[in-house]
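Colleague: What shape does this take:
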Amino acid sequence: MKRSEGLVRLTFVVALAAACSNGGEGQSTSTRPAAGDQTSELTVRAPEELAGRRVVFTRADGTYVARADGSALRKVLDLEGVFEFQADVSPDGSRLLLRVDDEGREQGTWIVGLDGSRPTHVAGPGKPVAGGAADWAPDGRRFVLTGKRESEQFLGLYVFDGTGTKPRRITPDEWEAQYPAWSPDGGRIVFTHVVPPNGFDIWVVKVDGSGLRQLTGEPGSDNYPAWSPDGRAIVYSSDDRSNRNGLWLMGADGSDQRYLAAGGEPQWEPGNWIVFDCALQDPEQPGQVCVVRPDGSEVARLPLGREAAFPNWLP
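Modeller: The predicted model follows:
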């Protein structure tokens with residue numbers, strides 16, 4: 001059954017609220033920006049060196065691509081009546097991995113050409129594995145997603161080949177894991193471990209399922225990790241940190257954790273900028289896209305429209 005336009009938009013707002021908080025794939029919670037945060041007052045502009053870089057992002061009516069300065073805007077996909085979001089672009093720039101929320105059989109993970117061609121449902125109802133957020137391997141020959149088989153109780157991480165076949169679980173069956181990100185060297189996957197009843201920590205695991213290692217713990221509730229281009233650092237969303245909710249940065253070994261900006265759902269650009277969903281300052285204005293340097297400087301809003309959300313960089 002297809003959703004109404006109003007329900008699709010409601011899903012968009014709820015999902016964005018979760019992105020700017022510590023919400024899990026099956027949850028959404030609200031968060032407040034850090035005291036004194038100025039993202040709501042920033043001038044809308046693209047830093048000069050990013051003006052020509054392309055960004056893929058979600059609006060309530062579909063998936064879009066534009067330059068960071070707002071030019072060359074085009075809709076690349078609208079899976080009619082459902083809400084697709086959290087796009088990840090293949091290393092060659094030709095395909096998107098998309099998470100789809102729907103009440104029917106379209107729910108799960110899809111692979112779609114960047115031109116909107118060949119939509120393929122690879123994980124979800126009626127498939128061997130139910131699907132969620134996904135991330136390409138650096139060589140584009142595999143991807144990892146959040147999912148579970150019908151016989152399993154908890155969501156975990158599954159590695160697929162590049163065509164969406166041969167799923168293999170790499171996290172423990174008794175764990176709940178979500179929001180994976182593949183390391184630039186291809187050897188590790190960082191992800192969120194769900195800690196009952198409502199906690200989230202960042203962990204890392206080797207692609208073969210060995211070498212599980214915890215990177216964050218209390219006091220933060222941490223989610224949505226993403227690697228730096230050189231694999232030496234990780235940016236992530238964090239909540240419950242005494243008025244320092246938002247983006248945090250740490251070394252790849254969990255060291256030197258520090259606050260960056262209010263927001264969520266970060267992705268790191270090869271030229272050393274982080275793009276993210278700005279903090280939800282006003283519930284009537286669903287979202288905007290911002291960028292920040294890894295040292296916390298030069299925060300700016302990109303002119304992609306007030307409904308732009310769930311951003312990611314194109315190669």
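Colleague: hey, let's count contacts and neighbours off CA atoms from now on
Modeller: OK.
Colleague: Run a quick neighbour tally on Ala68.
Modeller: By other CA atoms under 10 Å, 28 other residues sit near Ala68.
Colleague: actually Ala261, not the one I typed
Modeller: Counted by other CA under 10 Å, the residues lying close to Ala261 total 28.
Colleague: Can you spell out which residues form a bridge with it?
Modeller: Counting by DSSP bridges, Ala261 is bridged to Leu247.
Colleague: Do I have it right that it meets Leu249?
Modeller: No: using CA atoms under 8 Å, Ala261 is not in contact with Leu249; the gap is 9.9 Å.
Colleague: Please tell me how far Gln153 sits from Ala177.
Modeller: Distance, Gln153 to Ala177, using CA to CA, to the nearest Å: 12 Å.
Colleague: Of those two, which one has the most company?
Modeller: Ala177 (28 against 12).
Colleague: Just list whatever residues bridge to the more buried one.
Modeller: His193.
Colleague: Over to Val292?
Modeller: Applying DSSP bridges, one finds that Val292 bridges with Ile274.
Colleague: and it, how many neighbours?
Modeller: Neighbours around Val292, by other CA under 10 Å: 22.
Colleague: For it, list the residues it contacts.
Modeller: Counting by CA atoms under 8 Å, 6 or more residues apart in numbering, Val292 touches 261, 273-275, 298-300.
Colleague: returning to that earlier point: give me the common contacts of Ala261 and Leu249.
Modeller: In contact with both Ala261 and Leu249: no residue, using CA under 8 Å, 6+ apart.
Colleague: farthest pair in the contacts of Val292?
Modeller: Greatest spatial distance in the contacts of Val292: Ala261 and Trp273, 12.9 Å, computed using CA to CA.
Colleague: how close does the nearest residue to Gln86 once chain neighbours are set aside sit to Ala87?
Modeller: Leaving out its chain neighbours, the residue that sits closest to Gln86 by CA to CA, 6 or more residues apart in numbering is Phe310, at 5.5 Å. Applying CA to CA, one obtains 7 Å for the distance of Phe310 from Ala87.
Colleague: Quick check: next helix or strand after the lowest-mean-pLDDT helix or strand in the chain?
Modeller: Ranking every helix and strand in the chain by mean pLDDT, DSSP states H and E puts helix 5-19 at the bottom, with a mean of 44. Sequence-wise, the next helix or strand downstream of helix 5-19 (DSSP states H and E) is strand 54-59.
Colleague: And the contacts of that following strand?
Modeller: So strand 54-59 is contacted by 12, 63-68, 84-87, 307-315 (CA under 8 Å, 6+ apart).
Colleague: what does stretch 67-75 give?
Modeller: Under the criterion CA under 8 Å, 6+ apart, residues 45-46, 50-55, 62-66, 302-304 lie in contact with stretch 67-75.
Colleague: Tell me the span between the first and last residue of that stretch.
Modeller: Stretch 67-75 has its terminal residues 13 Å apart, counting by CA to CA.
Colleague: what mean pLDDT does that stretch have?
Modeller: Mean pLDDT, stretch 67-75: 95.
Colleague: Any idea how far that stretch is from the middle of the chain?
Modeller: 20 Å (CA atoms, centre = their mean, to the nearest Å).
Colleague: so what's Thr289 scoring on pLDDT?
Modeller: Heads up, residue 289 is Val, not Thr. 93.
Colleague: How about Trp227?
Modeller: 98.
Colleague: Just give the closest residue to it, not the sequence neighbours.
Modeller: For Trp227, the spatially nearest residue (CA to CA, 6+ apart) is Ile234, at 4.6 Å.
Colleague: Next, give phi and psi for the one you found.
Modeller: Reported as degrees, to the nearest 10, the phi and psi values for Ile234 are phi -140, psi 130.
Colleague: so it touches Ser228, yeah?
Modeller: Yes: counting by CA under 8 Å, Ser228 is a contact partner of Ile234 at 5.8 Å.
Colleague: Pro219 contacts Asn245, correct?
Modeller: No: distance between Pro219 and Asn245: 11.2 Å, which falls outside the contact criterion (CA under 8 Å).
Colleague: So for those two, which residue has more residues nearby?
Modeller: Asn245 (29 against 13).
Colleague: Quick check: the gap between the residue lying closest to that one once chain neighbours are set aside and Trp248.
Modeller: Once flanking residues are discounted, Asn245 sits nearest to Asp239: 4.6 Å by CA to CA, 6+ apart. Computed as CA to CA, the Asp239 to Trp248 distance reads 10 Å.
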